[in-house]
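**Q** Sequence plus predicted model, see below.
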Amino acid sequence: QVQLVESGGGSVQSGGSLRLSCSASGRTFSSLGMAWFRQAPGKEREFVAVISRNGYNTLHTDSVKGRFTISRDNAKNTVYLQMNSLKPEDTAVYYCAARQGVATMTSQYDYWGPGTQVTVSS
């Protein structure tokens, strides 16, 4: 079992920045691929970014490329999402997820955190 807890969400104005954190426990963190997803009101949960277990490989969805960066610190059992140049359309609940290997579909992830709200005002 893996327990995930996100933090760092909040309300910011357009153009602002936030850094989300996701702390993991219960299983060797360094063996897990980690991802961020988000879900806006009335929309399906969507992929944002993923990072391989050693941190060498990352993938970001096109809408956040150049603005968001996923990273991890295996010594702290934590994955991060640095979000810069935020836009109102980034408003959503952000979730971290874990699995063996990496993937981009929600159905492929075994473990999820409860989510953290990010609200961007214009």
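**A** All right, it came through fine.

**Q** From here on, just use CA atoms for contacts and neighbour counts.
**A** OK.

**Q** so where do the strands sit in the chain?
**A** Ranges of strands in the chain, per DSSP state E, are 3-7, 10-13, 18-25, 33-39, 46-51, 58-60, 68-73, 78-83, 92-99, 111-112, 116-121.

**Q** Tell me what the residue positioned nearest the centre of the chain is bridged to.
**A** When C-alpha atoms, centre = their mean is applied to the chain, the residue found nearest the centroid is Trp36 (2.4 Å). Assessed by DSSP bridges, Trp36 has beta-bridge partners Ala49, Cys96.

**Q** Let's see the pLDDT reported for it.
**A** Listed pLDDT for Trp36 reads 98.

**Q** Gly42 now?
**A** Gly42 is given a pLDDT of 95.

**Q** can you tell me how far the nearest residue to Ser11 once chain neighbours are set aside sits from Ala103?
**A** Spatially, and ignoring its direct neighbours in sequence, Ser11 is nearest to Thr119 (4.6 Å; C-alpha to C-alpha, 6 or more residues apart in numbering). Distance, Thr119 to Ala103, using C-alpha to C-alpha, to the nearest Å: 26 Å.

**Q** And for Val118?
**A** For Val118, the distance to Ala103 equals 23 Å [C-alpha to C-alpha].

**Q** Ok, Ala92 next?
**A** Ala92 sits 21 Å away from Ala103, going by C-alpha to C-alpha.

**Q** Do I have it right that Trp36 meets Arg45?
**A** No - look at Trp36 against Arg45 with C-alpha atoms under 8 Å: they stay out of range, at 10.3 Å.
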